[in-house]
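Model the following, please.
(one chain, ligands or ions: 2)
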Amino acid sequence: MTGHDWGYGVEDGPSLWHQNYPIAEGSRQSPIDILPQTASHDPSLGPIALKYDQCTSINIANNGHSVVVEFEDSDDRSVIQGGPLDNPYRLKQFHFHWGGKGCRGSEHTVEGHSYASELHLVHWNAVKYETFGEAATAPDGLAVLGIFLETGDDHRWLHTITDALYMVKFKGSVTNFKSFNPKCLLPSSLHYWTYLGSLTTPPLHESVTWIVLKEPIAVSEKQPAHSWWIPGSSHYGWFPIQTSQMELSLAFAAHKTTASTE
Ligand SMILES: NS(=O)(=O)c1ccc(C(=O)N2CCc3cc(O)c(O)cc3[C@@H]2c2ccccc2)cc1
Ligand SMILES: [Zn+2]
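Ligands and ions are numbered 1, 2, ... in the order given. Predicted coordinates for the structure are as follows:
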């Protein structure tokens, strides 16, 4: 998996990915434009359940396409279940899709409306598959929870992540990022749309059950106040950087409360 044969530029962007990844022209490719009026209500779909209490984040890394927070996934301590899923799926990582300077970067759209950004919490089916890599190629291997980010009030905890971005400026950099619980990134409602789709980046495997929350979370204009290119990344990673450089341990020390989710 070379990280530099695709990107978001003119020479290597999404419209060209099919050259190296023919599945780009497959039958269940993501992202999509979500049309709530035509989405069929499926009464057999129950609520999704997130068990993130014993979350163990390990590190934050810049893989050249995005900044990813990895989790310990050796057991079922952090899982998503319910909704369209037949069994629990383990949290593996989360990452964001930000837009270019001043442009809106969500991957999914709702009736053509783009959001400022989109958070993806990536989970894998450890009941049926031995490893994440194996699950990532299976049609029921992954479940990704998509959460839209909209500009609005200052998000109390997002600064913890944006402050950490200083540590992973360059592609391939990794830094410790312990005890971050993504529960604080959830909106108050877990109402969702769901469909069978794919990874939104190469290798574009058609292995994702998408669960996209209807309610966005708010990030303040201040948070993406200025953004900058992540040197060394093939992706114009316009990540919001806070002016206040808070000590990461200090931010986590404050981070003992977990958001309540219904
Ligand atoms: N946006 S998304 O659909 O939620 C998504 C989910 C997972 C992954 C992921 O884990 N990938 C794909 C991209 C990638 C790039 C790398 O440089 C890398 O080292 C790993 C990955 C992994 C991946 C690679 C190969 C098979 C499966 C996953 C990427 C995107
Ligand atoms: Zn993603």
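
which stretch of helix or strand covers the spatially most central residue of the chain?
Centroid-nearest residue in the chain, with Cα atoms, centre = their mean: H120, separated by 1.6 Å. Assessed by DSSP states H and E, H120 sits inside strand 117-124.

how near is the residue lying closest to T209 once chain neighbours are set aside to V174?
Closest residue in space to T209, ignoring its immediate chain neighbours: A143 at 4.7 Å, by Cβ to Cβ, 6 or more residues apart in numbering. To be clear about C-beta, it is placed using only N, CA and C from the backbone, and glycine gets the same treatment. Distance, A143 to V174, by Cβ to Cβ, to the nearest Å: 25 Å.

Show me what from the stretch 51-200 of the chain comes close to ligand 1.
Contact residues, the stretch 51-200 of the chain versus ligand 1 (Cβ under 6 Å from any ligand atom): N63, H65, H120, V122, G133, A136, V144, L199, T200.

circling back to that earlier point, these two touch, right, the residue nearest to the centre of the chain and F94?
Yes. Counting by Cβ atoms under 8 Å, H120 touches F94, with 6.3 Å between them.

rewinding a little: got a list of what the residue nearest to the centre of the chain touches?
Shown in contact with H120 (Cβ atoms under 8 Å, 6 or more residues apart in numbering): F94, H95, F96, H97, V144, L145, G146, I147, T200.

tally of neighbours for the closest residue to it other than its chain neighbours?
Spatially, and ignoring its direct neighbours in sequence, H120 is nearest to V144 (5.2 Å; Cβ to Cβ, 6+ apart). Number of residues near V144 (other Cβ atoms under 10 Å) recorded here: 24.

which secondary structure element contains V144?
strand 142-152.

That strand pairs with which strands, and in what direction?
With DSSP bridges as the test, strand 142-152 is paired with strand 117-124 (antiparallel), strand 208-213 (parallel), strand 217-220 (parallel).

In it, which residues are buried?
L142, A143, V144, L145, G146, I147, F148, L149, E150, T151 (16 or more other Cβ atoms under 10 Å).

so where do the helices sit in the stretch 1-150 of the chain?
Here the stretch 1-150 of the chain has its helices, by DSSP state H, counting those that start in this stretch, at 17-20, 132-135.

P182 is nearest to which of these?
P182 lies closest to helix 132-135 among the helices of the stretch 1-150 of the chain, at 17.1 Å (Cβ to Cβ).

Buried residues, that closest one. List them.
By 16+ other Cβ under 10 Å, the buried positions in helix 132-135 come out as F132, A135.

before we move on, what about stretch 52-63?
Y52, C55, T56, S57, I58, N59, I60, A61, N62, N63.

same question, stretch 114-127
Quick answer for stretch 114-127 (16+ other Cβ under 10 Å): 114-126.

Looking at the helices of the stretch 1-150 of the chain, which is nearest to S40?
Proximity to S40 (Cβ to Cβ) singles out helix 132-135 among the helices of the stretch 1-150 of the chain, at 27.3 Å.

who's in contact with the closest one?
Helix 132-135 is contacted by residues D73, K92, W124, N125, A126, K128, Y129, G141, L142, S207 when judged by Cβ under 8 Å, 6+ apart.

Can you tell me which of the buried residues of strand 142-152 is nearest ligand 1?
Proximity of the buried residues of strand 142-152 to ligand 1 (Cβ to the nearest ligand atom) peaks at V144, which lies at 4.4 Å.

just for the stretch 1-150 of the chain, where's the confidence low?
Residues of the stretch 1-150 of the chain that meet the criterion pLDDT under 70 lie in 1-4, 100-102.
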